[in-house]
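>>> Please find the sequence and the predicted model below.
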Amino acid sequence: MPAEFAPQREIHALYSNHHGWLYGWLRGKLGNACDAADLAHDTFVRLMQSRRTQFGDEPRALLTHIAKALVVDHWRRQDVERAYLDAIAHLPEPETPSPETRLLILEALYRIEAMLRGLPEQTREIFLLAQLDGLAYREIAERLGTSLITVKRHMRKAFLACLAVA
């Protein structure tokens, strides 16, 4: 096989040698064979997308590192989905969103949750005080003991993050 296929050979060898182990490890973490299979697959996809050509002396450590991040994302997504389903469980039947609409809403909620998680803590707090608690910027500044201009800067940063999600 030509040298340009060396990375594919490395990935193939890594997959052949460690996929079964990774799947078993994930199944133990998740307690679910289907999710474990999906995340094992996603781990190798993420590795291929990284365009790495060397996997070090401890390939299982690398795979575990990637898989742990995917597991955390999986659990976060489950938390968001559970909260959404709890919120709509009390709606009367005619007002319940269709499965297609639910999927679209969940995807938007996943993106919003990731955006909020990516904000600095103070920016996130200020943004949530304004958007969820309905506080005016001056009230937020007083509550947090900061200046009005600082609140405005944080809100600008949060709005820019919102625009990036859209």
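Sure, I can see it. Computed from a prediction, not measured in an experiment: that's the story for all the values here.

>>> So what does residue 135 have for phi and psi?
Main-chain torsions, residue 135, degrees, to the nearest 10: phi -80, psi 140.

>>> which ones are touching it?
Going by Cβ atoms under 8 Å, 6 or more residues apart in numbering, residue 135 touches 129, 143. (C-beta placed from N, C-alpha, C; glycine too.)

>>> all helices in this structure, in order from the N-terminus.
For the chain, helices defined by DSSP state H occupy the ranges 6-30, 33-49, 59-88, 99-118, 121-131, 137-144, 148-165.

>>> Format these as CSV; extra columns: mean pLDDT.
As requested, these are arranged in CSV below (pLDDT from 0 to 100):
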stretch, mean pLDDT
helix 6-30, 88
helix 33-49, 93
helix 59-88, 93
helix 99-118, 93
helix 121-131, 96
helix 137-144, 97
helix 148-165, 95
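
>>> Reformat the ones you listed as TSV; add mean neighbour count.
Shown next, in TSV, are these (neighbours: other Cβ atoms under 10 Å):
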stretch	mean neighbour count
helix 6-30	15
helix 33-49	16
helix 59-88	15
helix 99-118	13
helix 121-131	17
helix 137-144	16
helix 148-165	15
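
>>> mind checking how far the residue sitting nearest the centre point of the chain is from residue 121?
Centroid-nearest residue in the chain, with Cα atoms, centre = their mean: residue 73, separated by 4.3 Å. Relative to residue 121, residue 73 is positioned 20 Å away (Cβ to Cβ, to the nearest Å).

>>> what does residue 24 give?
For residue 24, the distance to residue 121 (Cβ to Cβ) stands at 37 Å.

>>> Quick one, grab the pLDDT at residue 1.
Looking at residue 1, its pLDDT stands at 47.

>>> Quick check: phi and psi on residue 133?
In terms of degrees, to the nearest 10, the main-chain angles of residue 133 are phi -90, psi -10.

>>> Can you read off the pLDDT for it?
pLDDT recorded at residue 133 is 94.

>>> The residue nearest to residue 162 when sequence neighbours are not counted and residue 35, how far apart?
Spatial nearest neighbour of residue 162, chain neighbours left out: residue 115 (6.7 Å); criterion: Cβ to Cβ, 6 or more residues apart in numbering. Separation of residue 115 from residue 35 (Cβ to Cβ): 24 Å.

>>> Same question for residue 92.
Noted for residue 92: a distance of 32 Å to residue 35, by Cβ to Cβ.

>>> From residue 48, how far off is residue 75?
Here residue 75 is placed at a distance of 24 Å from residue 48 (Cβ to Cβ).

>>> No further questions, thank you.
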